[in-house]
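In: Only the shape, not the letters, is given here:
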């Protein structure tokens, strides 16, 4: 009798979803603006890259990483990088 009942599978799936939701709420995926302003590329903590046509994740109302599903947190550019762009 190795088969799980439908109820056991539903409970297991509900537990999995709850754990995934908790992880997404407590462990963010940090997005960093690439230093090249001509391409508007963002690097993700989960190892991906994303390009916006205009502005960034906050302005485009992105709350979760589209690759890993975790909460998205924008990492601000360091002040020295911002000064280099203005030159």
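Out: Thanks, I have the structure now. Remember, it's a predicted structure, so these values are computed and weren't measured experimentally. Numbering: from 1, shown residues only.

In: in this structure, what spans have low per-residue confidence?
Out: 1-4, 24-25, 80-87 (pLDDT under 70).

In: cutoff 80 now
Out: Filtered on pLDDT under 80, the chain yields the residue ranges 1-4, 16, 20-26, 35-38, 77-87.

In: residue closest to the middle of it?
Out: Centroid-nearest residue in the chain, with Cα atoms, centre = their mean: residue 65, separated by 2.4 Å.

In: Contact partners for it?
Out: The neighbourhood of residue 65, defined by Cβ atoms under 8 Å, 6 or more residues apart in numbering, consists of 29, 31, 44, 46, 48, 71, 72. Every residue, glycine included, has its C-beta placed from N, CA and C.

In: Please report how far it lies from residue 5.
Out: Residue 65 sits 35 Å away from residue 5, taking Cβ to Cβ, to the nearest Å as the criterion.

In: Equivalent analysis for residue 77, please.
Out: On the measure of Cβ to Cβ, residue 77 and residue 5 end up 53 Å apart.

In: Give the burial count for residue 71, as a bare number.
Out: By the measure other Cβ atoms under 10 Å, the count of residues near residue 71 is 16.
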